[in-house]
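Asks: let's see this in three dimensions:
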Amino acid sequence: MPRPPKNDDESSHFSVRTTLLVLISGICAVSGGWLFHAGTQSVPLAVLAGAGAFVASWTFFDNLIR
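Replies: Numbering: from 1, shown residues only. You can find the predicted model right below:
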């Protein structure tokens, strides 16, 4: 069985925009979760706060970059 042609257009990689959004949103999520944990000493709530910060910052920076 012949192999399919190799795809050289790099469509399987993330774009620079997506990488930047993941990086910035990840930094915001870790910072938000850490600050929440420092204030409440509750790990589950800090994880939820970090997840919320990730989603909110992704939306904000996506609209800002677009």
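
Asks: nearest residue to the middle of this protein?
Replies: Residue closest to the average C-alpha location in the chain (C-alpha atoms, centre = their mean): Val22, at 3.1 Å.

Asks: look up how far Asp62 lies from it.
Replies: 11 Å (C-beta to C-beta, to the nearest Å). Using the backbone N, CA and C atoms, a C-beta is placed for each residue, glycine as well.

Asks: just to revisit the earlier point, which residues are in contact with the residue nearest to the centre of the chain?
Replies: Val22 makes contact with Phe14, according to C-beta atoms under 8 Å, 6 or more residues apart in numbering.

Asks: Thr59: neighbour count?
Replies: If you count neighbours by other C-beta atoms under 10 Å, Thr59 ends up with 12.

Asks: tell me the secondary structure of the residue nearest to Ser42 when sequence neighbours are not counted, please.
Replies: In this structure, Ser42 finds its nearest non-sequential neighbour in Phe36, 7.9 Å apart by C-beta to C-beta, 6 or more residues apart in numbering. Using DSSP: H, G, I helix; E, B strand; the rest coil, the structure places Phe36 in helix.

Asks: quick check: mean pLDDT of stretch 19-37?
Replies: Across stretch 19-37, the average pLDDT comes to 97.

Asks: ok now it, how far from the chain's centre?
Replies: Stretch 19-37 sits 8 Å away from the centroid of its parent chain (C-alpha atoms, centre = their mean, to the nearest Å).

Asks: swap in stretch 38-45?
Replies: Averaging C-alpha positions (C-alpha atoms, centre = their mean) puts stretch 38-45 21 Å from its chain's average.

Asks: also stretch 59-66?
Replies: 12 Å.

Asks: so for that stretch, mean pLDDT?
Replies: 94.

Asks: can you list contacts of it?
Replies: Counting by C-beta under 8 Å, 6+ apart, Arg17, Leu20, Leu21, Ile24, Ser25 sit against stretch 59-66.

Asks: what residues sit buried inside it?
Replies: Judged by neighbour count using 16 or more other C-beta atoms under 10 Å, the buried positions of stretch 59-66 are Phe61.

Asks: helices of the protein, start to end?
Replies: Remark: helices assigned in the chain by DSSP state H are 16-40, 43-65.

Asks: I appreciate the help and will end here.
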